[in-house]
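Visitor: Quick check, what structure comes out for this input:
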Amino acid sequence: MLYETVTRDSVHHLVHEFYAIVLKDDVLGPYFTNSLGSDLENGKWHEHLHTLDDFWLLMMIGKPGYKGDPFPPHAFLGPIYKETFEQWLKLFKETTTKYFIPSIADKFYKKADIIAEQFIENLGLNDDDDDD
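Guide: Reported below is the predicted structural model:
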(Lines give C-alpha, C1' and ligand atoms only; values in the text may rest on other atoms or scores of the structure.)
Protein backbone atom coordinates (compact mmCIF):
# COMPACT_ATOMS: atom_id res chain seq x y z
CA MET A 1 0.00 0.00 0.00
CA LEU A 2 1.35 3.39 -1.00
CA TYR A 3 1.57 6.29 1.43
CA GLU A 4 -0.96 9.02 0.67
CA THR A 5 0.57 11.60 3.00
CA VAL A 6 4.01 12.75 4.00
CA THR A 7 4.63 12.05 7.68
CA ARG A 8 7.70 11.42 9.78
CA ASP A 9 6.94 7.69 9.57
CA SER A 10 6.53 7.62 5.78
CA VAL A 11 9.66 9.71 5.22
CA HIS A 12 11.59 7.50 7.64
CA HIS A 13 10.62 4.39 5.65
CA LEU A 14 11.55 6.06 2.37
CA VAL A 15 14.93 7.32 3.59
CA HIS A 16 15.94 4.00 5.16
CA GLU A 17 14.87 1.95 2.15
CA PHE A 18 16.56 4.33 -0.25
CA TYR A 19 19.91 4.25 1.52
CA ALA A 20 19.78 0.47 1.91
CA ILE A 21 19.51 0.38 -1.89
CA VAL A 22 22.22 3.03 -2.33
CA LEU A 23 24.69 1.04 -0.24
CA LYS A 24 24.31 -1.91 -2.63
CA ASP A 25 24.72 0.25 -5.73
CA ASP A 26 28.08 -0.04 -7.53
CA VAL A 27 28.17 3.67 -8.41
CA LEU A 28 26.86 5.25 -5.21
CA GLY A 29 27.68 2.72 -2.53
CA PRO A 30 31.40 3.49 -2.27
CA TYR A 31 30.79 7.20 -1.60
CA PHE A 32 28.58 6.41 1.37
CA THR A 33 30.58 3.47 2.72
CA ASN A 34 33.75 5.57 2.67
CA SER A 35 32.05 8.38 4.60
CA LEU A 36 29.59 6.56 6.87
CA GLY A 37 30.41 2.85 6.78
CA SER A 38 28.43 -0.08 5.42
CA ASP A 39 26.11 -0.65 8.39
CA LEU A 40 22.98 1.51 8.45
CA GLU A 41 22.70 0.76 12.17
CA ASN A 42 25.97 2.46 13.16
CA GLY A 43 26.07 5.87 14.85
CA LYS A 44 27.19 7.86 11.80
CA TRP A 45 24.38 6.43 9.69
CA HIS A 46 21.85 6.91 12.48
CA GLU A 47 22.71 10.60 12.64
CA HIS A 48 22.76 10.96 8.84
CA LEU A 49 19.41 9.21 8.36
CA HIS A 50 17.79 11.29 11.12
CA THR A 51 19.11 14.44 9.43
CA LEU A 52 17.70 13.26 6.10
CA ASP A 53 14.32 12.55 7.70
CA ASP A 54 14.28 16.14 8.97
CA PHE A 55 15.51 17.47 5.63
CA TRP A 56 12.77 15.76 3.60
CA LEU A 57 10.07 16.74 6.09
CA LEU A 58 11.14 20.36 5.66
CA MET A 59 11.30 20.06 1.86
CA MET A 60 7.97 18.31 1.49
CA ILE A 61 5.71 19.76 4.18
CA GLY A 62 7.67 22.64 5.67
CA LYS A 63 8.10 20.92 9.02
CA PRO A 64 10.87 22.67 10.97
CA GLY A 65 13.70 20.54 12.25
CA TYR A 66 16.41 20.50 9.60
CA LYS A 67 19.17 22.97 10.27
CA GLY A 68 22.07 23.57 7.97
CA ASP A 69 23.08 23.44 4.36
CA PRO A 70 22.96 20.11 2.51
CA PHE A 71 25.74 21.02 0.08
CA PRO A 72 28.99 21.24 2.14
CA PRO A 73 29.16 17.56 3.16
CA HIS A 74 28.95 16.60 -0.51
CA ALA A 75 31.77 18.91 -1.59
CA PHE A 76 34.48 16.68 -0.13
CA LEU A 77 33.38 13.18 -1.13
CA GLY A 78 36.18 12.82 -3.63
CA PRO A 79 35.79 12.62 -7.38
CA ILE A 80 32.10 12.94 -8.10
CA TYR A 81 30.49 13.18 -11.51
CA LYS A 82 27.26 14.33 -13.09
CA GLU A 83 26.47 10.64 -13.74
CA THR A 84 26.73 10.03 -9.99
CA PHE A 85 23.86 12.43 -9.40
CA GLU A 86 21.93 10.93 -12.30
CA GLN A 87 22.21 7.48 -10.70
CA TRP A 88 21.16 8.91 -7.32
CA LEU A 89 18.09 10.50 -8.95
CA LYS A 90 17.19 7.29 -10.79
CA LEU A 91 17.26 5.24 -7.59
CA PHE A 92 15.48 7.97 -5.65
CA LYS A 93 12.67 8.10 -8.21
CA GLU A 94 12.30 4.30 -8.12
CA THR A 95 12.14 4.32 -4.33
CA THR A 96 9.70 7.23 -3.98
CA THR A 97 7.45 5.55 -6.55
CA LYS A 98 7.55 2.37 -4.48
CA TYR A 99 6.47 4.16 -1.29
CA PHE A 100 4.19 7.05 -2.28
CA ILE A 101 1.19 7.72 -4.48
CA PRO A 102 2.26 9.20 -7.83
CA SER A 103 1.48 12.84 -7.00
CA ILE A 104 3.65 12.76 -3.86
CA ALA A 105 6.40 10.65 -5.44
CA ASP A 106 6.57 13.21 -8.25
CA LYS A 107 6.91 16.08 -5.74
CA PHE A 108 9.76 14.29 -4.00
CA TYR A 109 11.49 13.68 -7.32
CA LYS A 110 11.07 17.27 -8.54
CA LYS A 111 12.59 18.61 -5.33
CA ALA A 112 15.43 16.07 -5.50
CA ASP A 113 16.09 17.00 -9.13
CA ILE A 114 16.34 20.71 -8.26
CA ILE A 115 18.75 19.95 -5.41
CA ALA A 116 20.86 17.67 -7.62
CA GLU A 117 21.06 20.36 -10.29
CA GLN A 118 22.21 22.87 -7.66
CA PHE A 119 24.88 20.45 -6.45
CA ILE A 120 26.02 19.79 -10.03
CA GLU A 121 26.25 23.52 -10.62
CA ASN A 122 28.05 24.19 -7.30
CA LEU A 123 30.57 21.42 -8.04
CA GLY A 124 31.21 22.76 -11.54
CA LEU A 125 30.13 19.53 -13.19
CA ASN A 126 28.32 21.32 -16.03
CA ASP A 127 31.53 22.93 -17.27
CA ASP A 128 31.84 20.37 -20.06
CA ASP A 129 28.43 21.30 -21.49
CA ASP A 130 28.52 23.19 -24.78
CA ASP A 131 26.25 26.18 -24.29
CA ASP A 132 27.81 28.16 -27.17
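Visitor: Could you use CA atoms for every contact and neighbour count after this?
Guide: Fine.
Visitor: Please identify the helix or strand for Pro79.
Guide: Pro79 is located outside every helix and strand, with elements delineated by DSSP states H and E.
Visitor: which residues does it contact?
Guide: Counting by CA atoms under 8 Å, 6 or more residues apart in numbering, Pro79 touches no other residue.
Visitor: Against Leu91, how distant is Leu58?
Guide: Counting by CA to CA, to the nearest Å, the separation of Leu58 from Leu91 is 21 Å.
Visitor: which one of these two has more residues nearby?
Guide: Neighbour tally, Leu58 and Leu91, criterion other CA atoms under 10 Å: the higher count belongs to Leu91, 18 against 15.
Visitor: what about that one, which SS state?
Guide: Applying DSSP: H, G, I helix; E, B strand; the rest coil to Leu91 yields a three-state assignment of helix.
Visitor: swap in Glu117?
Guide: With three-state DSSP as the basis, the three-state label of Glu117 is helix.
Visitor: Now for it, how many residues are close by?
Guide: Neighbours of Glu117 (other CA under 10 Å): 17.
Visitor: I'd like the next helix or strand past the lowest-mean-pLDDT helix or strand in the chain.
Guide: Every helix and strand of the chain was ranked by mean pLDDT, DSSP states H and E. The lowest is helix 29-36, at a mean of 90. Moving toward the C-terminus from helix 29-36, the next helix or strand (DSSP H and E) is helix 43-61.
Visitor: Low-confidence regions, the chain specifically.
Guide: 71-77, 127-132 (pLDDT under 70).
Visitor: Ala116: neighbour count?
Guide: So Ala116, with other CA under 10 Å, has 19 neighbours.
Visitor: What residues does it make contact with?
Guide: Applying CA under 8 Å, 6+ apart to Ala116 gives the contacts 85, 89.
Visitor: give me that answer again for 6 Å
Guide: Ala116 is in contact with no residue at all, counting by CA atoms under 6 Å, 6 or more residues apart in numbering.
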